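Student: Give me the fold of what follows.
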Amino acid sequence: MIVAGFGFRGAATPASLRDALDRTGRSQQVALIATATDKAATPTFRSLARELNLPAHGVDSALLAAQQTRTRSAASLAARGTDSMAEAAALAAAGPGARLIVARQVSTDGMATCALAERNDT
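Tutor: Numbering: from 1, shown residues only. Sure, this is the predicted structure:
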């Protein structure tokens with residue numbers, strides 16, 4: 001199962017999130033989208049879930065902070081307690097044993113990031 005994790009600013013649009021996802025090159029393989037619990041309730045994130053016809057998952061801040069990410073962002077660490085919201089959300093939502101398959105990608109407008117993690121369901 002492939003999970004797309006997202007980080008995004010309050011001014012991001014569903015198009016911003018979609019652009020970040022498209023930049024991963026594997027958008028058609030995604031089975032679930034995830035972000036921080038508070039962000040999962042936003043109209044922007046819910047709109048993307050509807051557009052993609054995918055389940056949306058909110059990840060608790062403690063679980064986000066526990067993830068080992070590849071990308072380092074001082075701003076993300078200060079705001080969210082994780083070096084990469086997108087990578088942490090993807091890994092946490094994919095579950096134990098998940099691995100990052102696409103590191104954080106940034107939307108053209110700089111408003112959203114997306115990363116992909118995979119868990120083998122065998």
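
Student: By mean pLDDT, flag the weakest helix or strand of the chain.
Tutor: One helix or strand of the chain scores below all others by mean pLDDT, DSSP states H and E: helix 74-80, with a mean of 81.

Student: which residues touch it?
Tutor: By C-beta atoms under 8 Å, 6 or more residues apart in numbering, the surrounding residues in contact with helix 74-80 are 7, 36, 61, 64-65, 82-85, 88. For the C-beta atoms, the positions are set from N, CA and C on the backbone; glycine is no exception.

Student: Recalculate using a threshold of 7 Å.
Tutor: Around helix 74-80, the neighbours that count as contacts under C-beta atoms under 7 Å, 6 or more residues apart in numbering are 7, 36, 64, 82-85.

Student: quick one: which two of those residues are the most distant?
Tutor: Greatest spacing in the contacts of helix 74-80, by C-beta to C-beta: Ala36 and Asp83 (13.9 Å).

Student: neighbour-wise, which of these two wins?
Tutor: Ala36 (27 against 20; other C-beta atoms under 10 Å).

Student: ok, now how distant is the more buried one from Gln28?
Tutor: Applying C-beta to C-beta, to the nearest Å, one obtains 25 Å for the distance of Ala36 from Gln28.

Student: Please report how far Met1 lies from Gly95.
Tutor: To Gly95, Met1 is 9 Å away according to C-beta to C-beta.

Student: Likewise for Ser61?
Tutor: Taking C-beta to C-beta, one finds Ser61 at 17 Å from Gly95.

Student: just Arg26 next, same as before
Tutor: 18 Å.

Student: with the contacts of helix 74-80 in mind, which one is nearest to Leu48?
Tutor: Proximity of the contacts of helix 74-80 to Leu48 (C-beta to C-beta) peaks at Gly7, which lies at 13.1 Å.

Student: The strand or helix carrying the closest one: what's the following helix or strand?
Tutor: If you go by DSSP states H and E, Gly7 is part of strand 2-8. Sequence-wise, the next helix or strand downstream of strand 2-8 (DSSP H and E) is helix 14-22.

Student: just checking, Thr108 touches Leu17?
Tutor: No - counting by C-beta atoms under 7 Å, Thr108 sits too far from Leu17 to count as a contact (11.8 Å).
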